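Engineer: this one's structure only:
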Ligand code: NAD
Ligand code: G6P
Ligand code: MN
């Protein structure tokens, strides 16, 4: 079996150790000859990398491992780039969340003004990774899950139209795992779904078991009462995420014939979200206090002891969709997956140039999107507005246009007026001056 060379871009990410453990658990179907980490923050990456070095030495000494901040070293001789960077890291996420809240608007990593601000930082970072890949390993594929994926995907569609980049999100996978549990199945892969939308903005229209039996009625009965909170929670979901899974019940009620992506709560119930936010302590604070502390604490313990049992790093089973995607390309498996791709007619009554999240068959030459057909007025209206926001952000970034970014924030369904949009924008510009292009 062919072995592959992978570079993880954003080696210092809190998700890197879980992904490394997941890659190690999947060597039978996606074998590695080389694994590299790349990050532009050498010190942050070093802690994660030195701990992963200990794990790799124990579990897979044959895989060549290295880490670097030098793009040439990182991107030379690779087959896949797995990209999960966060430009500006958690302190800027905190700003994205807190600035809109100061103006009474929700503060979220990928939705509303916070997501727009993050998009304005991410576009340049991800385009740079694409350019490194094309320069040093022109035949490689980039599997990107850096956020905000919708804006990043639109930027690469527009500015690097021929790049071999696939944008993917784990939210549908997380929700489908919950649906499978609700339906009494062991694995989400026992379901065959139809879904359409934008990233963090979509709906399931059909869920069947392998024999074609409709699972929607059973799932619907549960979702109507409990949202996506399953009968038993084996994974110990954090309280703030549990609220989101529970709120899906109200989001679902707006179209009971489908099932919604949880992120629609930010667009359909923004007032509720604001009321339930603490402007002094947002999700970024929770992540810094918990996940970041836990991951870096474990890595330091492993480094000190020189053995992996000294830490409490967990395999990110969830992330096996990344292996599914890599294996689909590497071995032409034709696996059916939800990807963020140019619409190009798949949703018949929708902008062909929008980046949409839809089922695709994935093989050696990339994704082959499946036809969705016509979508209803409610979804079409919401999606048209949101796609316009995403396109305006990319245009604003490309042209350095203040007015286009003001239009984008004004058009977001989470923002009540152009004056509020302007006040938020002016604060965001100040906070992002080290990251955004200058706006005129
Ligand atoms: P993190 O801050 O812990 O890690 C991000 C890393 O990226 C940091 O080490 C940082 O130094 C590095 N980085 C920033 N800018 C860079 C650049 N220009 N070049 C190289 N490296 C750079 O963040 P995290 O919480 O672990 O999340 C990482 C990313 O994964 C985020 O974008 C997050 O939104 C995304 N994510 C996506 C999904 C999905 O479903 N698509 C799921 C989970 C996380
Ligand atoms: C889900 C989404 C990701 C997002 C993450 C945030 O997994 O699909 O796109 O980055 O949630 O999680 P966090 O724990 O960082 O708030
Ligand atoms: Mn996502």
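Structural biologist: In hand now; what should we look at? Bear in mind that the values here come from a model prediction, so they are computed numbers and not experimental data. Residues are numbered from 1 along each chain as shown. Ligands and ions are numbered 1, 2, ... in the order given.
Engineer: could you use CA atoms for every contact and neighbour count after this?
Structural biologist: Will do.
Engineer: and the average pLDDT for the top helix by length along the chain is what?
Structural biologist: The residue-count maximum for a helix in the chain (DSSP state H) belongs to helix 112-136. Summarised as a single mean, pLDDT over helix 112-136 is 98.
Engineer: stretch 413-425 too?
Structural biologist: Mean per-residue pLDDT for stretch 413-425: 99.
Engineer: for that stretch, what is the distance to the chain centroid?
Structural biologist: 25 Å (CA atoms, centre = their mean, to the nearest Å).
Engineer: do stretch 59-73 as well
Structural biologist: On CA atoms, centre = their mean, the centre of stretch 59-73 falls 24 Å from the chain's centre.
Engineer: who in this protein is up against ligand 2?
Structural biologist: 169, 170, 171, 283 (CA under 6 Å from any ligand atom).
Engineer: tell me the spacing between the residue lying farthest from the centre of the chain and residue 108.
Structural biologist: Distance from the C-alpha centroid of the chain peaks at residue 305, with 33.3 Å (CA atoms, centre = their mean). Using CA to CA, to the nearest Å, residue 305 is found at 38 Å from residue 108.
Engineer: what of residue 128?
Structural biologist: Distance from residue 128 to residue 108, by CA to CA: 25 Å.
Engineer: do the same with residue 147
Structural biologist: 12 Å.
Engineer: one more: residue 32?
Structural biologist: Going from residue 32 to residue 108 by CA to CA gives 36 Å.
Engineer: who has more neighbours, these two?
Structural biologist: Neighbour tally, residue 32 and residue 108, criterion other CA atoms under 10 Å: the higher count belongs to residue 108, 26 against 20.
Engineer: so where do the strands sit in the stretch 251-400 of the chain?
Structural biologist: Under the criterion DSSP state E, counting those that start in this stretch, the stretch 251-400 of the chain contains strands at 259-260, 335-342, 355-363, 366-369.
Engineer: now mean pLDDT and mean neighbour count too, for those, in TSV please.
Structural biologist: Formatted as TSV, the strands of the stretch 251-400 of the chain follow (pLDDT from 0 to 100; neighbours: other CA atoms under 10 Å):
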stretch	mean pLDDT	mean neighbour count
strand 259-260	99	28
strand 335-342	98	23
strand 355-363	98	24
strand 366-369	98	20
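Engineer: for residue 40, find the nearest of the ones you listed.
Structural biologist: Taking CA to CA, strand 335-342 is the member of the strands of the stretch 251-400 of the chain nearest to residue 40, at 26.2 Å.
Engineer: ok, residues contacting that closest one?
Structural biologist: 150, 153, 157, 166-169, 172, 195, 198-199, 324-325, 328, 352-363, 367, 369 (CA atoms under 8 Å, 6 or more residues apart in numbering).
Engineer: near ligand 1 at all, that strand?
Structural biologist: No - applying CA under 6 Å from any ligand atom, one finds strand 335-342 separated from ligand 1 by no less than 10.3 Å.
Engineer: and that strand with strand 355-363, angle?
Structural biologist: Counting by axes from the mean of the first three to the mean of the last three CA atoms, to 10 degrees, strand 335-342 lies at 140 degrees to strand 355-363.
Engineer: what residues are up against residue 415?
Structural biologist: Going by CA under 8 Å, 6+ apart, residue 415 touches 105, 112, 113, 409, 421.
Engineer: would TSV of the residues you listed with distance to residue 345 and neighbour count be doable?
Structural biologist: As requested, the contacts of residue 415 are arranged in TSV below (distance: CA to CA, whole Å; neighbours: other CA atoms under 10 Å):
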residue	distance to residue 345	neighbour count
105	35	25
112	27	28
113	29	30
409	28	30
421	33	24
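Engineer: between those residues, which is closest to residue 373?
Structural biologist: residue 112 (28.1 Å).
Engineer: helix or strand for residue 55, which one?
Structural biologist: Element membership of residue 55, judged by DSSP states H and E, is helix 42-59.
Engineer: should've said residue 225
Structural biologist: helix 216-226.
Engineer: and the helix or strand just after the helix holding residue 55 with ligand 1, contact?
Structural biologist: Toward the C-terminal end, the helix or strand that comes next after helix 42-59 (DSSP H and E) is strand 64-68. No - using CA under 6 Å from any ligand atom, we find that strand 64-68 stays clear of ligand 1, coming within 10.4 Å at best.
Engineer: and strand 64-68, which residues are buried?
Structural biologist: For strand 64-68, burial by neighbour count (16 or more other CA atoms under 10 Å) applies to 65, 66, 67, 68.
Engineer: look up phi and psi at the closest residue to the last one other than its chain neighbours.
Structural biologist: Closest residue in space to residue 68, ignoring its immediate chain neighbours: residue 38 at 5.3 Å, by CA to CA, 6 or more residues apart in numbering. Comment: the main-chain dihedrals of residue 38 come out as phi -130, psi 140, following degrees, to the nearest 10.
Engineer: mind listing what residue 38 touches?
Structural biologist: Residue 38 touches 7, 8, 9, 10, 11, 45, 67, 68, 69, 70, 71, 74, counting by CA under 8 Å, 6+ apart.
Engineer: what's the PyMOL line that selects buried ones from those?
Structural biologist: To isolate the buried members of those in PyMOL, using 16+ other CA under 10 Å:
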select buried, resi 7+8+9+10+11+45+67+68+69+71+74
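Engineer: which one among the contacts of residue 38 gets closest to ligand 1?
Structural biologist: Nearest to ligand 1 among the contacts of residue 38: residue 10, at 3.8 Å, using CA to the nearest ligand atom.
Engineer: thought that closest one was touching residue 83?
Structural biologist: Yes - counting by CA atoms under 8 Å, residue 10 does reach residue 83; the two are 6.4 Å apart.
Engineer: any idea how many residues pack against the residue of the stretch 1-150 of the chain found nearest ligand 2?
Structural biologist: Closest residue of the stretch 1-150 of the chain to ligand 2, CA to the nearest ligand atom: residue 147 (6.0 Å). By the criterion of other CA under 10 Å, residue 147 has 26 neighbours.
Engineer: for it, what is the enclosing helix or strand?
Structural biologist: If you go by DSSP H and E, residue 147 is not part of any helix or strand.
Engineer: circling back: widest-spaced pair of the contacts of residue 38?
Structural biologist: Taking CA to CA, the two most distant members of the contacts of residue 38 are 45 and 71; they sit 14.1 Å apart.
Engineer: look up phi and psi at residue 228.
Structural biologist: The phi/psi pair for residue 228 (degrees, to the nearest 10) is phi -100, psi 20.
Engineer: residue contacts, it?
Structural biologist: Taking CA under 8 Å, 6+ apart as the test, what residue 228 contacts is 175, 178, 179, 222, 245, 246, 248, 249.
Engineer: repeat that with 10 Å
Structural biologist: When contacts are counted by CA atoms under 10 Å, 6 or more residues apart in numbering, residue 228 touches 174-179, 181-182, 219-220, 222, 242-249, 259, 262.
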